[in-house]
Each structure stands twice: as C-alpha cells, then as structure tokens.
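Colleague: coords below, sequence missing:
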C-alpha cells in the first residue's frame, strides 16, 4: 500500500516570480522649435537633448536627416521648411535599437506677422524738382 504525502503549508506558499522588463532610460527633449510655432524664415534649427552619442533622425514632411548627439546628449541640425505646415518628427535611437520620439508642427509663412500699432514710414508723395 502506498501513501500520498500531503504538502505542508510552507510548500504551498507561492513565491512570486517577476521577470524584470528592460525599461527605456531614453529621454528626448526638443528645445527648438516650439509646437505650433509660426515662422517667416525658410530654414530652422532643430535642437534638443537625448542620451549621449545616440543617433537622431529628424524628419520634416518627406525629408529625413541623420545626426548624432554629442557626448552630453545635445543635438542640433538646420533644416529647410516647406511653405505651410511642416510636421517635424525627431527620433532618438539608442544602441539597443530602442526609439524615443517627439513631434512638432511648424508653420512657415511668407506673410508679414507684424502686430497692430506698427507704422509705415513711406512718403505719400514723391519728391520732384522742376527747373524753370
């Protein structure tokens, strides 16, 4: 005759087994441009900070540019804007291939953005000199 031994209470207590998931320590801060910024210059510098020495991809509408953050994590790249709305996406890619992204929309216009109260200094009548 064989007996089955019942487990003790300590054998029944489960020890939770949690496998830690790698967390991304990637940060991406865009210093320039501000979101929804309206500009009148065709070129703009996109700058910010991320992890040191990682790749940074800056995409503007259909154009992509590649740069690398310096040893302090700073990056800066001058891009050309298209007339109207420009959706600027910035992606930092760390050595493990993890991507952190931010997006800004910039409006490029050639229209004057002067505020009310500015005055023009043009002369109303041309100066002419006539000799008799």
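Modeller: Sure, I can see it. Just so it is clear, the model here is predicted, and its values are computed rather than measured.
Colleague: in this protein, which ranges drop under the pLDDT threshold?
Modeller: Applying pLDDT under 70 to the chain picks out residues 1-25, 112-132.
Colleague: and residue 82, what element?
Modeller: Applying DSSP states H and E as the criterion places residue 82 outside every helix and strand.
Colleague: thought it was touching residue 108?
Modeller: Yes. Between residue 82 and residue 108 there is a contact under C-beta atoms under 8 Å: 6.6 Å. Every C-beta, even on glycine, is put in place using the N, C-alpha and C of the backbone.
Colleague: quick one: which of these two has more around it?
Modeller: residue 108 (19 against 13; other C-beta atoms under 10 Å).
Colleague: and that one, how far from residue 49?
Modeller: 25 Å (C-beta to C-beta, to the nearest Å).
Colleague: again with residue 69
Modeller: Distance, residue 69 to residue 49, using C-beta to C-beta: 7 Å.
Colleague: between these two, tell me which one has more neighbours.
Modeller: Neighbour comparison, residue 69 and residue 49: the larger count goes to residue 69, with 20 against 17 (by other C-beta under 10 Å).
Colleague: quick check: closest non-adjacent residue to that one.
Modeller: residue 75 (4.5 Å; C-beta to C-beta, 6 or more residues apart in numbering).
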